[in-house]
Structures are given as structure tokens and as C-alpha cells.
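Asker: what follows is a protein structure lacking sequence information:
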């Protein structure tokens with residue numbers, strides 16, 4: 001898990017050196033016609049993957065669902081699904097979520113284990129302007145597969161928060177874990193983590209003070225089951241206010257599902273529940 005964190009930090013530092021942050025980036029693609037023509041993507045690709053080949057075949061192993069035109073650019077639902085179950089011999093190790101034209105293009109790096117059962121993830125994102133959204137799956141053998149969607153949305157990263165600052169602070173760090181259905185031992189079970197957090201981007205202006213709200217966002221999520229790592233995520237402010245993640249885990253018996261969260265101010269939060277799968 002620490003390897004992912006180092007990779008995330010190194011990639012961000014490299015992109016800072018390339019001048020990709022702080023507003024609309026130079027050389028951005030204005031059309032959804034050719035995903036590979038994005039100058040930003042080419043720099044992100046070099047930073048994360050160097051010259052490694054990435055399969056973009058339509059029959060690849062990863063599927064990305066996102067609206068072609070977002071109803072709310074600050075809350076854009078995305079679903080990333082893979083086409084085979086996790087096993088000890090073949091599994092998705094990481095999924096990279098890239099939003100080319102966001103101030104911070106590398107929005108999330110999710111790491112999975114065979115205990116995930118299915119390397120699927122659903123969340124909600126902010127989109128700052130029309131952009132390609134990409135999901136890249138890295139398998140345990142090092143092979144890379146990418147799915148891309150062109151999404152029409154703008155202003156999501158600088159949009160005002162959904163509730164006032166006082167209310168947001170009162171509920172800061174409250175979390176809830178939920179499991180869909182009873183679940184069966186040995187089969188992937190769908191779970192959901194909901195985090196109460198403003199996830200301030202630092203780009204939104206307070207309409208009363210006319211000052212920018214300082215950045216304050218969830219940057220790390222670790223989920224375990226029965227004491228074993230299940231999934232981790234290095235994320236940034238491209239994830240919407242009150243981060244929400246839907247994911248799978250593979251219970252072999254009774255255990256504790258636990259989520260630990262670290263934010264950009266080094267505040268830590270956690271939540272857990274005991275789960276007994278049906279036999």
C-alpha cells in the first residue's frame with residue numbers, strides 16, 4: 001500500500017514540475033474526438049507509466065461508465081467495472097482515475113487485493129471543464145488496460161459547497177459503512193463507505209467573505225476485512241464533497257469491515273461494522 005502512496009506523490013510532484021496545476025492547463029484538448037491527442041494525458045502517461053503499452057481495445061477488461069453531459073459538474077457519478085473476478089493468480093492490482101482537464105489530473109489511485117473479490121469502484125467526482133475521463137487498470141502481471149469517456153461539464157472544482165461551513169465542520173469525519181443484502185461466504189459482497197467531509201478544493205470562493213476557502217480534503221482511504229487489507233485509495237479534491245465509495249469484498253467468514261480515513265490536515269477518522277455472511 002505504501003508503494004501506491006509513493007507513486008501517487010511522485011506523479012503529483014512530476015506534474016507540478018510540468019506546470020499542469022493552477023487552472024486550465026496549456027495544450028488541453030478541446031474536442032472529444034481523439035483521446036490520445038490530449039497533451040495533458042501524454043504528460044500524465046509519461047509520469048505514471050513511462051513507455052509501457054496501454055491497451056485501449058473496446059473488448060478490454062475494464063469498463064468506465066460516466067454521463068456524456070453532467071447534470072451537476074460538482075457531483076458526477078462514475079462507475080469503474082472489471083470483467084473478471086479477483087483471484088490469487090490473476091487480479092487487478094491498481095485502478096488509476098485520470099481527469100485530463102482538472103487542475104489535478106490524477107484524481108485517484110485505487111489499490112485492490114484478491115480479497116476484493118471484484119475490482120469495481122463507484123464514486124462521484126468534480127469536473128472543471130470538458131474533458132476526457134480515464135480509468136486505467138493495472139493487473140498483477142503489469143499489463144495495462146484503459147477505458148475513456150468524454151464528459152461535458154464545467155466549474156465543478158470551483159463550485160460552492162452544498163452546505164455552510166459551520167454545518168460541514170459539525171459533521172466532519174462522520175462515516176458510515178453499509179453492506180447491500182445478506183452476502184454469501186466466498187462470493188463478492190457489495191459495500192458502501194460514506195464520509196462526511198467538505199472535500200474543499202481550495203478553488204471555491206466564499207460568497208460572503210470573497211475569500212477562497214482553504215483546501216481541505218480526504219487524501220487516503222484504507223479498508224480492511226477480518227484484519228486483512230482489502231482496498232486502499234489515494235485521492236484528492238477531484239472527489240466530490242462528502243466522498244462516497246461503493247466497492248466489493250470477498251468474505252470467507254465472519255469478520256470486521258473497517259475503514260480508516262486520513263485527510264489533508266492529517267485528521268484521522270474510522271468506522272467499522274461486524275459482518276456475518278450467510279452460509
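Answerer: Yep, that arrived. Note that the structure is predicted; figures quoted are calculated from it, not measured. Numbering: from 1, shown residues only.
Asker: in this structure, which residue is most central in space?
Answerer: In the chain, the residue lying closest to the centroid (C-alpha atoms, centre = their mean) is residue 108, at 3.9 Å.
Asker: the strand or helix carrying it pairs with which strands, parallel or anti?
Answerer: According to DSSP states H and E, residue 108 maps onto strand 106-112. Its sheet considered, strand 106-112 pairs with strand 92-99 (antiparallel), strand 228-235 (antiparallel) by DSSP bridges.
Asker: need those in CSV (columns: mean pLDDT).
Answerer: Formatted as CSV, those follow (pLDDT from 0 to 100):
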stretch, mean pLDDT
strand 92-99, 98
strand 228-235, 97
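Asker: let me know which of these is the nearest to residue 158.
Answerer: Residue 158 lies closest to strand 92-99 among the strands paired with strand 106-112, at 14.3 Å (C-beta to C-beta). For the C-beta atoms, the positions are set from N, CA and C on the backbone; glycine is no exception.
Asker: show me the helices in the stretch 151-279 of the chain, by range?
Answerer: 165-170 (DSSP state H, counting those that start in this stretch).
Asker: where in it is pLDDT low?
Answerer: Applying pLDDT under 70 to the stretch 151-279 of the chain picks out residues 163, 207-208.
Asker: residue 257 bridge partners, please.
Answerer: Applying DSSP bridges, one finds that residue 257 bridges with residue 225, residue 273.
Asker: thinking again about what came up before, so of the strands paired with strand 106-112, which one's packed in deepest?
Answerer: Comparing the strands paired with strand 106-112 by mean neighbour count (mean count of other C-beta atoms under 10 Å), strand 92-99 comes out on top with a mean of 24.
Asker: other residues contacting that strand?
Answerer: 4, 41, 44, 48, 61-62, 78, 80, 82, 86, 105-112, 116, 119, 121, 125, 127-128, 131-140, 238 (C-beta atoms under 8 Å, 6 or more residues apart in numbering).
Asker: which of the residues you listed fall in strands?
Answerer: Using DSSP state E, the members of these that fall in strands are 62, 78, 80, 82, 106-112, 121, 125, 131-139.
Asker: about what we covered before: got JSON lines for the strands paired with strand 106-112, with distance to residue 219 too?
Answerer: What follows is the strands paired with strand 106-112, written out as JSON lines (distance: least, C-beta to C-beta, whole Å):
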{"stretch": "strand 92-99", "distance to residue 219": "14"}
{"stretch": "strand 228-235", "distance to residue 219": "6"}
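Asker: residues in contact with residue 187?
Answerer: 117, 250.
Asker: can you tell me how far the nearest residue to residue 198 once chain neighbours are set aside sits from residue 124?
Answerer: Of all residues not flanking residue 198 in the chain, residue 168 sits nearest, at 4.3 Å (C-beta to C-beta, 6 or more residues apart in numbering). Distance of residue 168 to residue 124, computed by C-beta to C-beta, to the nearest Å: 16 Å.
Asker: in terms of neighbours, single out the busier of those two.
Answerer: Using other C-beta atoms under 10 Å, the more surrounded residue of residue 168 and residue 124 is residue 168, with 20 against 17.
Asker: surely the more buried one meets residue 161?
Answerer: Yes. With contact defined as C-beta atoms under 8 Å, residue 168 counts as touching residue 161 (6.5 Å).
Asker: so for these two, which residues contact both of them?
Answerer: residue 198.
Asker: please work out which residues outside stretch 136-143 touch it.
Answerer: By C-beta under 8 Å, 6+ apart, stretch 136-143 touches 49, 52, 54-55, 61-62, 82, 90-96, 98, 119, 144-146.
Asker: in it, what's buried?
Answerer: By neighbour count on 16 or more other C-beta atoms under 10 Å, the buried set for stretch 136-143 is 136, 137, 138, 139, 140.
Asker: repeat that for stretch 261-268.
Answerer: 261, 262, 263, 264.
Asker: for residue 66, give me phi and psi.
Answerer: Dihedral angles of residue 66 (phi, psi; degrees, to the nearest 10) stand at phi -160, psi 150.
Asker: check contacts around it.
Answerer: 76, 77, 78, 79, 133, 149, 151.
Asker: in the sheet, who's paired with the second one?
Answerer: So that's residue 77. With DSSP bridges as the rule, residue 77 is bridged to residue 124.
Asker: that one: neighbouring residues, count only.
Answerer: So residue 77, with other C-beta under 10 Å, has 16 neighbours.
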